[in-house]
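S.K.: Output the structure for:
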Amino acid sequence: MSFVEFCEKPSIKSGIVFPDILGQKISLSAEARLEEAEGLALAINLDVCYKEIAKVRNVKPATLVGQGVIDRLLKEIEEQKIELVIFDCSLTPIQQRNLEKKLQVKVIDRTALILEIFGERAQTKEGKLQVELAHLTYQRSRLVRSWTHLERQRGGAGFLGGPGETQIELDRRIIDDKILKIKQSLEKVKQTRLIQRSARKRVPYPSVAFVGYTNAGKSTLYNKLSNSNVFAKDLLFATLDPSMRKIKLPSGKEVILSDTVGFISDLPHELVMSFRATLEEVLSADLVVHIRDISSPNSKEQKADVLKVLESLGFNNFEKSPKYIEVLNKIDLFDDIKKQELLSKQKPGIVGLSAISGKGCDKLLKLIDDKLSMDFAVTEISLDVSDGKKIAWLHANSEVISCKANDEKMYFKVKISQENLSKFEFIK
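M.R.: Numbering: from 1, shown residues only. Prediction:
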């Protein structure tokens, strides 16, 4: 039975184990990781009835954890009728198979759990393709020799046929064929996105991308600013498919706001690669807004994880970039003294707000406005009244501060980006 079919069973009793391996560097504390793993399990309605931090001094190649942990799990499985055990780490295919044999229940690792959540959340065709690619890439590494009844499939007829391919080779080839087809489909999606980006570049709407740790409040803030109804809930990975809306800034300038998938510590490599086409929206954005859940005790570690993923996409020293804004969300959960203390320690370019109440959102919009205007210059331009093409272009591609006219000339005072000013000079 596949894990997808397994998860269709109602109310699956589950146990979670976080192997705290001696000397292993993790961004979050063991307790925080266990709590996060429970949140992931609850996100797909699993019934978590047991959880444990298992201290591992020496990693066992066969089972990762020692016999003592396995014995404790066997006892809990029998007493609480547990059907699924989640190891909040990466298991090798052999370790997964051996643990299933010893525990006599379904065993999955962190990657499989996150992939299952993504499979449930994907709504668009692109999202479903990306999840399927990640699933297949993961499954390909899970192929282990377990077909004793199919040692070899003989090709040809009679005694002349060659030995053929093994079952594991056949399965691997089938998966490789599927992966190739999905990659071809996603390449078409990528080309479509490039065309859409080029079209947006021709329209004078800067793009602002939201990024952040999962459940930091990105979608709630996105809905508040854009008057949208994107799915927003207190769940890990509530948002998977990106969405875009046009909003107006205090200056009257319009921008495209995009909400993206949340990040998480130890984000599976398969997902980073599969969702690269989607995450490239962040790369091409004029401004990136990093939303943090400042109320989380692991807020600093979560920030480090987000910046790590951004670096893997090509953002180096991104925190120092003028394209970066940091939002301290859920600041309403602190009293006034603590709020003041938090904000006083922060550098310029950081805003504290509440996405739920909307308090502080005006400051964020003003900061976005200011950041996007950094490369803008105020200049005066005179045009013939008959030059309708240039007049129309100027209104569409700049912020007109004032306009005076006489019988022959129109005198504009405009706020315009250096890029658009260069384009304007070549308009005939």
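
S.K.: Show me the strands in this structure, by range?
M.R.: With strands called from DSSP state E, the chain shows them at 13-21, 47-56, 84-87, 106-109, 207-212, 243-248, 254-259, 287-293, 324-329, 350-352, 376-384, 399-405, 409-417.

S.K.: now the angle from the second one to strand 13-21?
M.R.: Relative orientation of strand 47-56 and strand 13-21, computed by axes from the mean of the first three to the mean of the last three C-alpha atoms, to 10 degrees: 20 degrees.

S.K.: What are the neighbouring residues in contact with residue 376?
M.R.: 399, 415-418 (C-beta atoms under 8 Å, 6 or more residues apart in numbering). For glycine as for every other residue, the C-beta is placed from the backbone atoms N, C-alpha and C.

S.K.: Is it possible to get a markdown table of the strands of the chain that adds distance to residue 117?
M.R.: Putting the strands of the chain into a markdown table (distance: least, C-beta to C-beta, whole Å) gives the following:
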| stretch | distance to residue 117 |
| --- | --- |
| strand 13-21 | 14 |
| strand 47-56 | 14 |
| strand 84-87 | 12 |
| strand 106-109 | 12 |
| strand 207-212 | 17 |
| strand 243-248 | 18 |
| strand 254-259 | 17 |
| strand 287-293 | 18 |
| strand 324-329 | 22 |
| strand 350-352 | 30 |
| strand 376-384 | 42 |
| strand 399-405 | 43 |
| strand 409-417 | 40 |
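
S.K.: Make a markdown table out of these and add mean pLDDT and distance to residue 391.
M.R.: Formatted as a markdown table, the strands of the chain follow (pLDDT from 0 to 100; distance: least, C-beta to C-beta, whole Å):
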| stretch | mean pLDDT | distance to residue 391 |
| --- | --- | --- |
| strand 13-21 | 94 | 65 |
| strand 47-56 | 94 | 65 |
| strand 84-87 | 95 | 64 |
| strand 106-109 | 92 | 62 |
| strand 207-212 | 88 | 26 |
| strand 243-248 | 83 | 23 |
| strand 254-259 | 85 | 20 |
| strand 287-293 | 91 | 29 |
| strand 324-329 | 91 | 34 |
| strand 350-352 | 89 | 37 |
| strand 376-384 | 85 | 6 |
| strand 399-405 | 86 | 9 |
| strand 409-417 | 85 | 7 |
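
S.K.: quick revisit: buried subset of the contacts of residue 376 as a ChimeraX selection?
M.R.: The buried residues among those can be selected in ChimeraX (16 or more other C-beta atoms under 10 Å) with this line:
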select :399,416,417
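
S.K.: of all the contacts of residue 376, which comes closest to residue 122?
M.R.: Using C-beta to C-beta, residue 417 comes nearest to residue 122 of the contacts of residue 376, at 36.6 Å.

S.K.: which intervals of the stretch 251-400 of the chain have sub-threshold pLDDT?
M.R.: Applying pLDDT under 70 to the stretch 251-400 of the chain flags residues 267-281, 315, 317-318, 345-346, 375.

S.K.: mind redoing it with 80?
M.R.: Scanning the stretch 251-400 of the chain for pLDDT under 80 picks out the ranges 260-284, 309-310, 312-322, 340, 342-348, 373-377, 396-399.

S.K.: the helices in it, which residues?
M.R.: For the stretch 251-400 of the chain, helices defined by DSSP state H, counting those that start in this stretch occupy the ranges 269-274, 276-283, 299-312, 336-344, 361-372, 388-397.

S.K.: In a markdown table: those helices, plus distance to residue 24 and mean neighbour count.
M.R.: Shown next, in a markdown table, are the helices of the stretch 251-400 of the chain (distance: least, C-beta to C-beta, whole Å; neighbours: other C-beta atoms under 10 Å):
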| stretch | distance to residue 24 | mean neighbour count |
| --- | --- | --- |
| helix 269-274 | 17 | 19 |
| helix 276-283 | 27 | 18 |
| helix 299-312 | 15 | 18 |
| helix 336-344 | 31 | 11 |
| helix 361-372 | 38 | 17 |
| helix 388-397 | 53 | 14 |
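
S.K.: Reformat those as a markdown table; add distance to residue 178.
M.R.: A markdown table is the format used below for these (distance: least, C-beta to C-beta, whole Å):
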| stretch | distance to residue 178 |
| --- | --- |
| helix 269-274 | 13 |
| helix 276-283 | 18 |
| helix 299-312 | 25 |
| helix 336-344 | 49 |
| helix 361-372 | 42 |
| helix 388-397 | 46 |
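
S.K.: Ok, which of the ones you listed comes nearest residue 246?
M.R.: helix 361-372 (13.4 Å).

S.K.: could I get that closest one in CSV with only the CA atoms?
M.R.: Only the C-alpha atoms of helix 361-372 are listed here, as CSV (Å, rounded to 0.1, in the frame of the first residue of the first chain):
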residue,chain,number,x,y,z
CYS,A,361,0.2,47.8,7.5
ASP,A,362,0.2,51.5,6.6
LYS,A,363,3.9,51.7,7.6
LEU,A,364,4.7,48.7,5.5
LEU,A,365,3.0,50.2,2.4
LYS,A,366,4.9,53.4,3.0
LEU,A,367,8.2,51.5,3.3
ILE,A,368,7.5,49.6,0.1
ASP,A,369,6.7,52.9,-1.6
ASP,A,370,9.9,54.4,-0.5
LYS,A,371,12.1,51.4,-1.4
LEU,A,372,10.6,51.2,-4.9
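
S.K.: circling back: closest to residue 296 among the contacts of residue 376?
M.R.: Nearest to residue 296 among the contacts of residue 376 is residue 417, at 37.0 Å by C-beta to C-beta.

S.K.: Identify the bridge partners of the closest one.
M.R.: residue 376 (DSSP bridges).

S.K.: could you measure it against residue 284, distance?
M.R.: Taking C-beta to C-beta, to the nearest Å as the measure, residue 417 falls 16 Å from residue 284.

S.K.: what phi and what psi does the backbone show at residue 285?
M.R.: Note on residue 285: backbone dihedrals following degrees, to the nearest 10 are phi -70, psi 150.

S.K.: That concludes my questions; thank you for your assistance.
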